[in-house]
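Trainee: model this:
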Amino acid sequence: MPSALASTNSTLSIAVLVVDPDPVSRTHTVDVLTRAGFTVMATNGFEPARQLIADKRPLILVTALKLGKYNGLHLVLRARIAAPYTAALVTSADPTIDMTREIWEAGATHVPQPVADQDLVACALRALFRSSPSERVVPPFERRAAERRKQEVDVPERRLSERRRTFESLTQAIHFN
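Mentor: The predicted model follows:
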């Protein structure tokens, strides 16, 4: 099933480079971004990615944190030298990594894996369309998790009362017509 983004922007030509040594994770990321309408290139290591960055200059770089003897931040810096406007996402399976601050200082967004498909696309678009390269992008999944923790107790009651009011207003509208 195509996403809403792909159906509204079928000719979206935003180039994305996905760099991940794990073939399952790389394939999943490529599939999600392709279904969203992006033009996706993928590779499994630092050297081929460095060459693609120099040749193709992608607008979005999605890289794993661990790339053998290099890490994803090295690629982020290379991409920023080639094109300062490059949006960068750094993925890792360890949500408690010590490099979160370094990722942010490099101008990238940390995306802990696994991530929902729509959150990955939303995060990529937010990083791409931020107002300045130094602006920090808060991934949508972090924001929603924080909001759920704050409203954990009162959400069901609030939703129930909203449904009752909506139902009452609909029934009154039907009776008046």
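Trainee: Now the phi/psi pair for residue 22, please.
Mentor: Geometry field for residue 22 lists phi and psi as phi -80, psi 120, criterion degrees, to the nearest 10.
Trainee: So what's the residue count around it?
Mentor: Burial of residue 22, expressed as a neighbour count using other C-beta atoms under 10 Å, amounts to 15. The C-beta positions use only the backbone N, C-alpha and C, and glycine is treated the same way.
Trainee: Buried residues, stretch 34-45. List them.
Mentor: Buried residues in stretch 34-45, counting neighbours by 16 or more other C-beta atoms under 10 Å, are found at 35-38, 40-44.
Trainee: What of stretch 78-86?
Mentor: Within stretch 78-86, the residues that qualify as buried are 78-80, 86, counting by 16+ other C-beta under 10 Å.
Trainee: Can you give me the end-to-end span of it?
Mentor: Across its full length, stretch 78-86 reaches 10 Å end to end, with C-alpha to C-alpha, to the nearest Å as the criterion.
Trainee: Give me the residues contacting it.
Mentor: Stretch 78-86 is touched from outside by 17, 50, 53-54, 57-61, 76, 88, 106-107, 133, with contacts defined as C-beta atoms under 8 Å, 6 or more residues apart in numbering.
Trainee: Please repeat the previous calculation with a cut-off of 7 Å.
Mentor: Among residues not part of stretch 78-86, those counted as contacts by C-beta atoms under 7 Å, 6 or more residues apart in numbering are 50, 53-54, 57-59, 61, 88, 107, 133.
Trainee: Can you say which of those are buried?
Mentor: For those, a burial check counting by 16+ other C-beta under 10 Å picks out 50, 53, 58-59, 61, 88, 107.
Trainee: Which one of those is nearest to residue 123?
Mentor: Relative to residue 123, the closest of these is residue 88; by C-beta to C-beta it sits at 10.9 Å.
Trainee: And the strands in the chain?
Mentor: If DSSP state E is used as the criterion, the strands of the chain fall at 15-19, 39-43, 60-64, 66-67, 70-71, 87-92, 109-112.
Trainee: Out of those, which is closest to residue 124?
Mentor: The closest approach between residue 124 and any of the strands of the chain, judged by C-beta to C-beta, belongs to strand 60-64 at 5.4 Å.
Trainee: mean confidence score for the closest one?
Mentor: Strand 60-64 comes out with an average pLDDT of 94.
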